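S.K.: Starting from these lines, generate the structure:
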Amino acid sequence: MASITRVRERAEEQASSMSEDQQTTIRMLANDLHRLNQSVMKAVEAGVSVELVRSARHHGGDGHWGDLLMPVVVTNRH
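M.R.: Residues are numbered from 1 along each chain as shown. Okay, the predicted model is just below:
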């Protein structure tokens with residue numbers, strides 16, 4: 001759980017020099033990542049392996065970009 005908490009802490013640290021709108025967006029992203037990490041852990045506990053891979057990169061047109069992810073899920077069938 002420590003690494004999940006660290007995601008939020010790191011986002012807050014990085015957001016300190018941003019505008020209010022940017023800070024709000026980063027907080028939302030950190031919360032969504034927290035939920036994503038919890039879902040990955042639940043999937044692993046349910047018996048599947050999950051790898052998140054970049055499926056695309058979104059460009060904002062002003063030099064900013066963000067990676068878009070998709071899951072690759074592997075089950076062991078015995």
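S.K.: Distance from whichever strand or helix holds Thr25 to the middle of the chain?
M.R.: In this assignment (DSSP states H and E), Thr25 forms part of helix 20-45. In terms of Cα atoms, centre = their mean, to the nearest Å, the gap separating the centre of helix 20-45 from the centre of its chain is 5 Å.
S.K.: Mind giving me the packing neighbours of the helix or strand that it is followed by?
M.R.: On the C-terminal side of helix 20-45, the closest following helix or strand by DSSP H and E is strand 48-59. Under the contact criterion of 3 or more Cβ pairs under 8 Å, 6 or more residues apart in numbering; DSSP states H and E, the helices and strands touching strand 48-59 comprise helix 20-45, strand 65-75. (Glycine included, C-beta is placed from N, CA and C.)
S.K.: Between strand 65-75 and the helix holding Thr25, find me the angle.
M.R.: With axes from the mean of the first three to the mean of the last three Cα atoms, to 10 degrees defining the directions, helix 20-45 sits at 10 degrees from strand 65-75.
S.K.: okay, the helices and strands packed on strand 48-59 in JSON lines with mean pLDDT, mean neighbour count and distance to Ser55 next?
M.R.: As requested, the helices and strands packed on strand 48-59 are exported to JSON lines (pLDDT from 0 to 100; neighbours: other Cβ atoms under 10 Å; distance: least, Cβ to Cβ, whole Å):
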{"stretch": "helix 20-45", "mean pLDDT": "93", "mean neighbour count": "13", "distance to Ser55": "14"}
{"stretch": "strand 65-75", "mean pLDDT": "95", "mean neighbour count": "10", "distance to Ser55": "4"}
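S.K.: which residue is nearest the centroid of the chain?
M.R.: Among the residues of the chain, the one closest to the centroid is Leu33, at 3.6 Å (Cα atoms, centre = their mean).
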